[in-house]
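K.L.:
Coordinates only, no sequence provided:
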């Protein structure tokens, strides 16, 4: 028998030693959240600083809403990583993060124009 086809021993599953990987992943999520926060604040600042049109309050509110969505999804992921066996990021979470990132980028470009 090859090692990959050998029967698994019965009994309790061994304790997982994750090493520092969960810590690195948590730190990466924190850095990404901080970056998203800076982008949102700079986009809001730019929107307010450029004289402020009738659409400025709506733009700032939209930027804040997108940032809150990003923050909520990132927070859920960081909390999930605190468990002994964290699950993979669900597709809905990945899509939410991608949509928030694209929307913040579009808002930043729209504010700069």
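P.N.:
Now that the structure is in, tell me what you want to look at. The model shown is predicted, which means the values in this text are computed figures rather than measured ones.

K.L.:
and the top helix by length along the chain, which residues are buried?
P.N.:
The longest helix of the chain (DSSP state H) is helix 21-49. By 16 or more other Cβ atoms under 10 Å, the buried positions in helix 21-49 come out as 25-26, 29, 33, 36, 39-40, 43-44, 46-47. C-beta coordinates here come from the backbone N, C-alpha and C atoms, glycine included.

K.L.:
which is the next helix or strand following that helix?
P.N.:
Per DSSP states H and E, the first helix or strand lying C-terminal to helix 21-49 is helix 56-80.

K.L.:
could you point out which element follows that next one?
P.N.:
Next along the chain after helix 56-80, taking DSSP H and E as the criterion, comes helix 91-112.

K.L.:
Now that following helix: buried residues?
P.N.:
Within helix 91-112, the residues scored as buried using 16+ other Cβ under 10 Å are 96-97, 100-101, 103-104, 107-108, 111.

K.L.:
residues in contact with the residue most central in space within the chain?
P.N.:
Most central in the chain under Cα atoms, centre = their mean is residue 74, positioned 3.8 Å from the mean C-alpha point. For residue 74, the contacting residues are 29, 32-33, 36, 97, by Cβ atoms under 8 Å, 6 or more residues apart in numbering.

K.L.:
any chance of these in CSV, plus pLDDT?
P.N.:
Conversion of the contacts of residue 74 to CSV gives the following (pLDDT from 0 to 100):
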residue, pLDDT
29, 85
32, 86
33, 87
36, 82
97, 85
